[in-house]
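Undergrad: okay, here's the prediction I keep looking at, along with the sequence it came from:
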Amino acid sequence: MTKAEREEKLRLRLLEMRTYEEEIGSRGFKYIAGVDEVGRGPLAGPVVAACVLLPADFDVLGVDDSKKLSEKKREALFDEIKEKAMAWGIGSAGPEVIDEINILEATKLAMKEAVAKADEMLRSERGEEIDFVIFDAVRIDDLGKEQLSLIKGDQKSVSVAAASILAKVTRDRLMIEYENEYPGYAFAGNKGYGTKAHYEGIERLGITPIHRRSFLTKLDLKER
């Protein structure tokens, strides 16, 4: 496949992923944001959510479900998305919150924070508020905004896909920092997921303050 053919394929993919935003916009909504999260399954670290509001003429090629992209591509798109977005926000919920209210409710909390921060940016720069939110497979009843819960939204909506990239890069960078703070668990590589090296680290060193105790109930835990 030539470079021109690859670019044409990416352009067609971008047009396909604009479909939901265009349909919602045709109903009179003007500020349509996408929201996604990363980190619901790991044994350690926070769950991180992002909210992204893209302009109608957003033309960055390659935006897709963050899981389909290489780390290098995600890092490159991270800056482009923030630069071209009308507004964006990041929210998170740490291990203590996850253990207290469960991972689903913590995810919703992180998402609401992300929407609130994007709203704050939009108000500051344009005096407007987000009027519609596309969520990846989640619904938040007390959000106070029109919304759509879209299964596999990060593969179908360009806004949700952009949010998935911001959330993924933000969380990955944080887990790499934790590798330096809590060596011995291979956080830079596993990002807190339950790999062999991670479990061996827990057995050898005990748990850290960033571990989710509610995810480790079957282990004989000791404090680091």
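TA: All right, it came through fine. As the structure is a prediction and not an experimental result, all values here were calculated from the model. Residues are numbered from 1 along each chain as shown.

Undergrad: tally of neighbours for the nearest residue to residue 151 once chain neighbours are set aside?
TA: Once flanking residues are discounted, residue 151 sits nearest to residue 137: 5.2 Å by CB to CB, 6 or more residues apart in numbering. Using the backbone N, CA and C atoms, a C-beta is placed for each residue, glycine as well. Counted by other CB atoms under 10 Å, the residues lying close to residue 137 total 13.

Undergrad: residue 137 reaches residue 149, doesn't it?
TA: Yes: between residue 137 and residue 149 a contact is recorded at 6.1 Å, counting by CB atoms under 8 Å.

Undergrad: so what's the residue count around the closest residue in space to residue 126 that isn't next to it in sequence?
TA: In space, and not counting its chain neighbours, residue 126 is closest to residue 86: 7.3 Å by CB to CB, 6+ apart. Neighbourhood size, residue 86 [other CB under 10 Å]: 20.

Undergrad: which residues does residue 86 contact?
TA: Listed by CB atoms under 8 Å, 6 or more residues apart in numbering, the contact set of residue 86 reads 31, 53, 54, 55, 122, 125, 126.

Undergrad: go with 10 Å
TA: 31-33, 52-56, 58, 118, 121-122, 125-126, 128, 130 (CB atoms under 10 Å, 6 or more residues apart in numbering).

Undergrad: hang on, the earlier thing: now the phi/psi pair for the residue nearest to residue 151, please.
TA: When quoted as degrees, to the nearest 10, the phi and psi of residue 137 stand at phi 70, psi 20.

Undergrad: against residue 187, how distant is it?
TA: Applying CB to CB, to the nearest Å, the value for residue 137 to residue 187 is 26 Å.

Undergrad: quick one: low-confidence ranges for this protein?
TA: Within the chain, the stretches with pLDDT under 70 are 220-224.

Undergrad: again, 80 this time
TA: For the chain, the stretches with pLDDT under 80 are 218-224.

Undergrad: okay, helices next: where are they in this structure?
TA: 3-17, 19-25, 71-84, 95-101, 103-126, 153-156, 158-181, 187-190, 196-205 (DSSP state H).

Undergrad: out of these, flag the one nearest residue 141.
TA: Checking the helices of the chain against residue 141 by CB to CB gives helix 103-126 as the closest, at 9.3 Å.

Undergrad: extract the CA atoms of the closest one and return them as PDB.
TA: The C-alpha trace of helix 103-126 is given here as PDB (Å, rounded to 0.1, in the frame of the first residue of the first chain):
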ATOM      1  CA  ILE A 103     -14.700   0.400  40.200                       C
ATOM      2  CA  LEU A 104     -17.800   1.200  38.200                       C
ATOM      3  CA  GLU A 105     -18.800   4.100  40.500                       C
ATOM      4  CA  ALA A 106     -15.200   5.300  40.600                       C
ATOM      5  CA  THR A 107     -15.100   5.200  36.800                       C
ATOM      6  CA  LYS A 108     -18.300   7.400  36.700                       C
ATOM      7  CA  LEU A 109     -16.700   9.800  39.200                       C
ATOM      8  CA  ALA A 110     -13.600  10.100  37.000                       C
ATOM      9  CA  MET A 111     -15.800  10.700  34.000                       C
ATOM     10  CA  LYS A 112     -17.800  13.400  35.700                       C
ATOM     11  CA  GLU A 113     -14.600  15.200  36.700                       C
ATOM     12  CA  ALA A 114     -13.300  15.000  33.100                       C
ATOM     13  CA  VAL A 115     -16.600  16.500  31.700                       C
ATOM     14  CA  ALA A 116     -16.500  19.200  34.400                       C
ATOM     15  CA  LYS A 117     -13.000  20.200  33.500                       C
ATOM     16  CA  ALA A 118     -13.800  20.200  29.700                       C
ATOM     17  CA  ASP A 119     -16.900  22.400  30.500                       C
ATOM     18  CA  GLU A 120     -14.700  24.800  32.500                       C
ATOM     19  CA  MET A 121     -12.300  25.100  29.600                       C
ATOM     20  CA  LEU A 122     -15.100  25.700  27.100                       C
ATOM     21  CA  ARG A 123     -16.800  28.300  29.300                       C
ATOM     22  CA  SER A 124     -13.400  30.100  29.800                       C
ATOM     23  CA  GLU A 125     -12.600  30.200  26.100                       C
ATOM     24  CA  ARG A 126     -16.000  30.500  24.500                       C
END
